[in-house]
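S.K.: what follows is a protein structure lacking sequence information:
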């Protein structure tokens, strides 16, 4: 199995707000950088998307050393997800898991690989983490240049409305 070292990061300007995600994948002397963004999202969604996209980039099963500054991502994938799945993607409080769509997507790509999840402190000079933060911020800047303030506000209103509907439906079911 090839060993790949992945660093990832995600963030937003406003939470929710325009967001970016990024990952670096290193195998020996080879390095690949990937990134993307969304005009209305949350920090947690961007952290999850960075992990999903990084693992999807791998063309074969690999031994992955995965570095993230997100305790939400690390704890979710290493401890909480087992319980969520057993509970039908519900928390122990019987509430729907936030970002269920992305957790399910991560659950599909993770078992293909042997992943060691490692937490790193953000903005502490960790080279891989700093590079991903830089790339994610480039994506956020690109989104802010692509859309007007009015368009970004509209995206945010739609994002918040979708989130409110999801919570309202879930509350009425449980």
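M.R.: Nice, thanks for sending it over. None of the values given here were measured: they were computed from a predicted structure.
S.K.: residues contacting residue 73?
M.R.: Contacts for residue 73 (C-beta atoms under 8 Å, 6 or more residues apart in numbering) come out as 8, 44, 47-48, 51, 117. Where C-beta positions appear, they are placed from N, C-alpha and C, glycine not excepted.
S.K.: relative to residue 150, which of the residues you listed is nearest.
M.R.: Checking these against residue 150 by C-beta to C-beta gives residue 44 as the nearest, at 26.0 Å.
S.K.: what's the closest of the contacts of residue 73 to residue 102?
M.R.: residue 48 (4.0 Å).
S.K.: does the closest residue to the closest one other than its chain neighbours lie in a helix or a strand, and which?
M.R.: Among residues not flanking residue 48 along the chain, residue 102 sits closest, at 4.0 Å (C-beta to C-beta, 6 or more residues apart in numbering). Assessed by DSSP states H and E, residue 102 sits inside helix 100-109.
S.K.: and the residue nearest in space to the middle of the chain, how close does it get to residue 95?
M.R.: In the chain, the centroid-proximal residue (C-alpha atoms, centre = their mean) is residue 48; its distance is 1.7 Å. Here residue 48 is placed at a distance of 18 Å from residue 95 (C-beta to C-beta, to the nearest Å).
S.K.: about what we covered before: now do the contacts for the residue nearest to residue 48.
M.R.: Contacts of residue 102 (C-beta under 8 Å, 6+ apart): 45, 48-49, 52.
S.K.: out of those residues, which sit inside strands?
M.R.: Assignment to strands by DSSP state E places none of the contacts of residue 102 there.
S.K.: pull out the buried positions in whichever helix or strand comes after the helix holding residue 102.
M.R.: Counting by DSSP H and E, the element after helix 100-109 in chain order, helix or strand, is strand 114-119. Neighbour-count burial for strand 114-119 flags 115, 117 (criterion: 16 or more other C-beta atoms under 10 Å).
S.K.: for strand 114-119, name the packing helices and strands.
M.R.: strand 62-68, helix 71-75 (3 or more C-beta pairs under 8 Å, 6 or more residues apart in numbering; DSSP states H and E).
S.K.: what lies in contact with that strand?
M.R.: Residues outside strand 114-119 that contact it (C-beta under 8 Å, 6+ apart): 1, 55, 61-71, 73-74, 77-78.
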